[in-house]
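Novice: here are the coordinates; sequence isn't available:
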């Protein structure tokens, strides 16, 4: 009885001093030395103290988050610090702050809300829209956001398996290397200003059978005014015949204004896309494949990527492999294939450490040498 009382008293003392973990450790060591506690009892108390400390820290974080958030205004964001090595670059090693996003969302009134997101490293308003969401079968969004094309384009960088987007997606779906960059000098992140309708139309007992997205856009990219008298169309349709497996496709028809090779001034050029997509997701496995066909001012382009990811520890540790092919001019076969391997470790919810290796194999028409690159990234989501 006396020993049980002593254990309860010690546990109370450890709880009071849970913020001073080092002191607890020293106290337990001394009690073991004096034979007041056995080593196994001390270890048990140490584990309980550590678990209580972690719970207190999580509760404190949630209290701070709630203090700054209301249904009308909820803040969040994420930042990424990236290390890069490339064996063919003039500066082979670099460490940079990659992105820092801050976003705010809120409900204006029932079924009517807004969202805005700003990037601070290269200051840009990346998203800003209001939307009406009366039913999962029909939602209407007006403003600047992602176009409804490509499964990968819909993924936030915080959940994308690799550190960077696939080259085929980046070059053909309005990101870093798309012709839209010639138009406004920006990496547009697959986003544009327009009107979008989206939703899930048919339900089964276990999942949504049919998803759609369709919209009219300016075709000018981020924070860029209209440059011609036409509007661009984008639409995508996905069927989920089996829970976890989706298959579908979409199209984009529009124009971009830029100076084409051989021209002296900017003019409007066709910018069309056709895409076929499929993905599969279970507790431990995720796989995705997409084929993209493009026409940029008469230049035919093609992209294809396929990837598979496996969780060694659900929501904690995964690895992936990806093959990514891009042909920037099918008439002359200007091709490059990227082979990716990577690992992701989540140390707290959506916060993770990432390590990617890429081997890039260029064709002769690309006028570039094959490269080996390594990327490392720390991601913090708040």
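Specialist: Ah, there it is. Quick caveat, the model's predicted, so the values are computed rather than measured. Numbering: from 1, shown residues only.
Novice: contacts, neighbours, all on C-alpha from now
Specialist: Will do.
Novice: which stretches of this protein form helices?
Specialist: 2-16, 21-33, 39-67, 151-154, 167-172, 180-184 (DSSP state H).
Novice: lowest-confidence stretch among those?
Specialist: Mean pLDDT per stretch puts helix 2-16 lowest among the helices of the chain, at a mean of 46.
Novice: Other residues contacting stretch 132-148?
Specialist: Here stretch 132-148 makes contact (Cα atoms under 8 Å, 6 or more residues apart in numbering) with 111-113, 126-131, 153-154, 189-201, 213-215, 222, 234-236.
Novice: Would you show me how to pick out the buried ones of the residues you listed in PyMOL?
Specialist: Of the contacts of stretch 132-148, the buried ones can be selected in PyMOL as follows, counting by 16 or more other Cα atoms under 10 Å:
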select buried, resi 112+113+126+127+128+129+130+131+153+189+190+191+192+193+194+195+196+197+198+199+200+213+214+215+222+234+235+236
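Novice: Okay, and the beta partners of residue 125?
Specialist: Counting by DSSP bridges, residue 125 is bridged to residue 118.
Novice: ditto for residue 356
Specialist: On the basis of DSSP bridges, residue 356 is bridged to residue 342, residue 375.
Novice: Cross-check the contact I'm expecting between it and residue 372.
Specialist: No - using Cα atoms under 8 Å, residue 356 makes no contact with residue 372, being 10.8 Å away.
Novice: neighbour count winner among these two?
Specialist: Shown here are residue 356 and residue 372; by other Cα atoms under 10 Å, residue 356 has more neighbours (22 against 15).
Novice: what ranges of the protein fall below the confidence cut-off?
Specialist: For the chain, residues meeting the criterion pLDDT under 70 lie at 1-28, 30-37, 41-68.
Novice: most residues in a single strand of it, which one?
Specialist: Using DSSP state E, we find that the single longest strand of the chain is strand 93-109.
Novice: Parallel or antiparallel, list what pairs with it.
Specialist: Paired strands of strand 93-109, with direction, are strand 74-86 (antiparallel), strand 112-119 (antiparallel) (DSSP bridges).
Novice: Those: which one's closest to residue 300?
Specialist: Closest approach to residue 300 among those (Cα to Cα): strand 74-86, 29.5 Å.
Novice: Please enumerate the strands of the stretch 151-300 of the chain.
Specialist: Using DSSP state E, counting those that start in this stretch, the strands of the stretch 151-300 of the chain run over 191-203, 208-217, 232-242, 245-258, 267-281, 285-296, 299-313.
Novice: Could you take those and lay them out as CSV, with extra columns for distance to residue 100?
Specialist: Output for these, formatted as CSV (distance: least, Cα to Cα, whole Å):
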stretch, distance to residue 100
strand 191-203, 17
strand 208-217, 26
strand 232-242, 29
strand 245-258, 29
strand 267-281, 29
strand 285-296, 27
strand 299-313, 26
